[in-house]
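> Give me coordinates for this.
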Amino acid sequence: MTTGLSLAVCLLLGPGAAFADVVAEPAAVVEVSAPMVASVPVELAVDRFLDSLPADVLAIGSVEALNARIASRNPLLVDLRSPADYRRGHIPAAINLPLQDLAHHLEAIPRDRDVVLYCATGYRSALGVMTLQLHGYPRVRGFAPGFAGWMAADQPVA
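Modelled structure (predicted):
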């Protein structure tokens, strides 16, 4: 099973899912929406999804690039860390929406605006990007350096 598929399965089924059950059924089939008519294997559907992601899903790889995006596009910044971490300091104008709550509060994330997700070091933001992409958000990017990178660059903190 590929890493991408494993990640997608964990996101879709949750961290408590019995991974062995998923691996034991490699020929599982999912129904796909129009214009595809036939059912496709889960692995193929996930591979197609991952192939359709823009090459720059995590393209915001530096503080300078994030500052440029903030200046030119005014994205919604979403801090995926815990509320306690957010209270200790966050990127100015960011809202706090912990990763585990993200899929339950989609109404807080606009579909017609650039969205930048960040966490402490970039891991949760990658999961958050995939979660929102799976929910049909085309304008979401992660900030890979995370809050640690922001702090290391001596950027302002709220």
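> what's the weakest-modelled helix or strand in this protein?
helix 19-24 (a mean of 38; mean pLDDT, DSSP states H and E).
> Residue 62 versus residue 72, what's the distance?
15 Å (Cβ to Cβ, to the nearest Å). (C-beta placed from N, C-alpha, C; glycine too.)
> now do residue 47
Counting by Cβ to Cβ, the gap from residue 47 to residue 62 is 30 Å.
> For the closest residue in space to residue 63 that isn't next to it in sequence, report the pLDDT, please.
Spatial nearest neighbour of residue 63, excluding adjacent residues (Cβ to Cβ, 6 or more residues apart in numbering): residue 153 at 4.1 Å. On pLDDT, residue 153 comes in at 97.
> likewise the one 4 residues further on?
Residue 157 is assigned a pLDDT of 97 by the prediction.
> same check, this time on residue 60
Residue 60 is given a pLDDT of 89.
> if I read this right, it contacts residue 141, doesn't it?
Yes. Applying Cβ atoms under 8 Å, one finds residue 60 in contact with residue 141, separated by 5.2 Å.
> ok, residue 72 and residue 62, which is more surrounded?
Under the criterion of other Cβ atoms under 10 Å, the comparison of residue 72 against residue 62 puts residue 62 first, with 14 against 9.
> coming back round to it: can you tell me how far the residue nearest to residue 63 is from residue 64?
When residue 153 is compared with residue 64 (using Cβ to Cβ), they lie 8 Å apart.
> and the residue nearest to residue 63, how many neighbours does it have?
Residues near residue 153, counting by other Cβ under 10 Å: 13.
> my guess is it contacts residue 66, does it?
No. Residue 153 sits out of contact with residue 66 when judged by Cβ under 8 Å, with a separation of 9.5 Å.
> what touches both of the two?
By Cβ atoms under 8 Å, 6 or more residues apart in numbering, residue 153 and residue 66 have these common neighbours: residue 145.
> Spell out, range by range, the strands that occur in the protein.
29-30, 40-41, 76-79, 95-96, 115-118, 140-142 (DSSP state E).
> nearest to residue 148, of those strands?
strand 115-118 (9.8 Å; Cβ to Cβ).
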